[in-house]
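>>> Sequence isn't available, so here's the structure alone:
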């Protein structure tokens with residue numbers, strides 16, 4: 001049943017991208033984190049913020065998992081068809097390949113039309129870095145980086161967890177990822193409160209990120225790109241990245257395109273030197289954003305096929321919603 005729900009969810013995402021915001025479960029998770037963070041940050045100070053961060057992470061993940069689980073159970077009491085439709089919707093809400101590709105292509109289109117400022121504005125919805133002063137090359141590089149990083153978070157990981165534990169586990173992973181994106185920063189405000197959220201995201205994405213790296217190399221082979229360079233770049237350089245997971249997708253993509261990713265970026269007017277991955281074998285061009293988006297979507301489709309097969313093996317062994 002879940003295998004079919006995964007296929008249907010991916011197809012719906014392809015047709016209409018993300019759900020409207022009022023219906024998006026991940027938006028509700030984000031609102032819960034925001035409210036809980038405000039309460040906990042007022043109650044816990046100093047080193048006790050680590051404990052507050054543990055409460056925030058554990059509470060968000062458990063509530064997300066339990067809510068998804070019991071919604072499906074209650075729907076099943078009404079109708080198996082309703083339960084199946086709900087499973088589709090929940091999985092669909094945890095993946096976002098179409099939305100990422102759509103936004104990346106918007107950046108490319110702005111550049112092709114000669115609007116650097118428009119490209120910067122479109123990019124600002126994708127990245128956390130400052131975009132106001134980026135030149136064209138930096139805009140292209142940033143777009144490719146975020147498309148690469150999102151392969152794991154937006155497609156491979158949620159589908160992996162959906163295969164293992166159905167919509168509840170996929171939603172739990174999305175809660176972990178949302179926690180990291182909201183409080184997992186290594187700055188003064190979140191160094192303690194977001195510590196556990198950041199570590200849990202590293203742990204939860206560890207296996208999916210490595211699967212994603214292999215699938216990016218396989219996608220390069222299918223597309224007739226330099227898959228050997230992609231694989232070698234991933235093995236040699238992904239460990240340079242500050243994240244144990246994000247560097248894999250970036251290094252693999254840098255190898256495919258023959259470019260260097262990373263370098264200096266500004267976050268909140270603070271300059272940060274990010275690891276440089278890959279080598280400048282080819283000049284940057286806006287068309288590379290489209291190539292990266294194509295790789296992203298192909299990897300998403302490959303991971304869907306792989307994890308649907310995994311689910312079909314698990315279900316006869318007792319896998320369930």
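Cool, got the structure. Because the structure is a prediction, the values reported are computed rather than measured.
>>> now the helices for the protein?
Secondary structure of the chain, counting by DSSP state H: helices at 2-16, 25-43, 49-78, 80-94, 97-112, 116-124, 136-151, 157-183, 195-222, 227-237, 246-257, 287-314.
>>> My read is that residue 183 contacts residue 191, right?
No - with contact defined as Cβ atoms under 8 Å, residue 183 does not count as touching residue 191 (10.2 Å). For glycine as for every other residue, the C-beta is placed from the backbone atoms N, C-alpha and C.
>>> Between those two, which has more neighbouring residues?
Taking other Cβ atoms under 10 Å, residue 183 and residue 191 do not tie; residue 183 has more neighbours (25 against 14).
>>> how about the nearest residue to that one, chain neighbours excluded?
Using Cβ to Cβ, 6 or more residues apart in numbering and skipping the chain neighbours, the partner closest in space to residue 183 is residue 194 (3.6 Å).
>>> and that neighbour, what does it touch?
53, 179-180, 182-185 (Cβ atoms under 8 Å, 6 or more residues apart in numbering).
>>> From residue 49, how far off is it?
Separation of residue 194 from residue 49 (Cβ to Cβ, to the nearest Å): 9 Å.
>>> May I have the residues that are in contact with the residue minimising distance to the centre of the chain?
Centroid-nearest residue in the chain, with Cα atoms, centre = their mean: residue 153, separated by 2.1 Å. Neighbouring residues of residue 153 by Cβ under 8 Å, 6+ apart: 177, 205.
>>> and it, what pLDDT?
For residue 153, the model assigns a pLDDT of 94.
>>> separation between it and residue 101?
From residue 153 to residue 101 the distance is 14 Å (Cβ to Cβ).
>>> again, but for residue 285
For residue 285, the distance to residue 101 - Cβ to Cβ - is 18 Å.
>>> what does residue 13 give?
Distance, residue 13 to residue 101, by Cβ to Cβ: 10 Å.
>>> repeat for residue 8
19 Å.
>>> do the same with residue 249
With Cβ to Cβ as the criterion, residue 249 and residue 101 are 14 Å apart.
>>> Of these two, which one has the most company?
Neighbour comparison, residue 249 and residue 101: the larger count goes to residue 249, with 32 against 23 (by other Cβ under 10 Å).
>>> what's the closest non-adjacent residue to the more buried one?
Per Cβ to Cβ, 6+ apart, closest to residue 249 is residue 148, 4.2 Å.
>>> residues contacting the one you found?
By Cβ under 8 Å, 6+ apart, the neighbours of residue 148 are 249-250, 252-254, 261, 292, 296.
>>> Now with 7 Å, please.
249-250, 253, 292 (Cβ atoms under 7 Å, 6 or more residues apart in numbering).
>>> same question, residue 216
So residue 216 contacts 151, 230, 249, 252-253, 295, 299 (Cβ under 7 Å, 6+ apart).
>>> mind running it again at 8 Å?
151, 230, 234, 249, 252-253, 256, 295, 299.
>>> ok, those residues vs residue 168, which is closest?
Minimum distance to residue 168 across the contacts of residue 216 is 23.2 Å, recorded for residue 151 (Cβ to Cβ).
>>> Tell me which residues touch the closest one, please.
Neighbours of residue 151 in contact, by Cβ under 8 Å, 6+ apart: 212, 216, 249, 295-296, 299-300.
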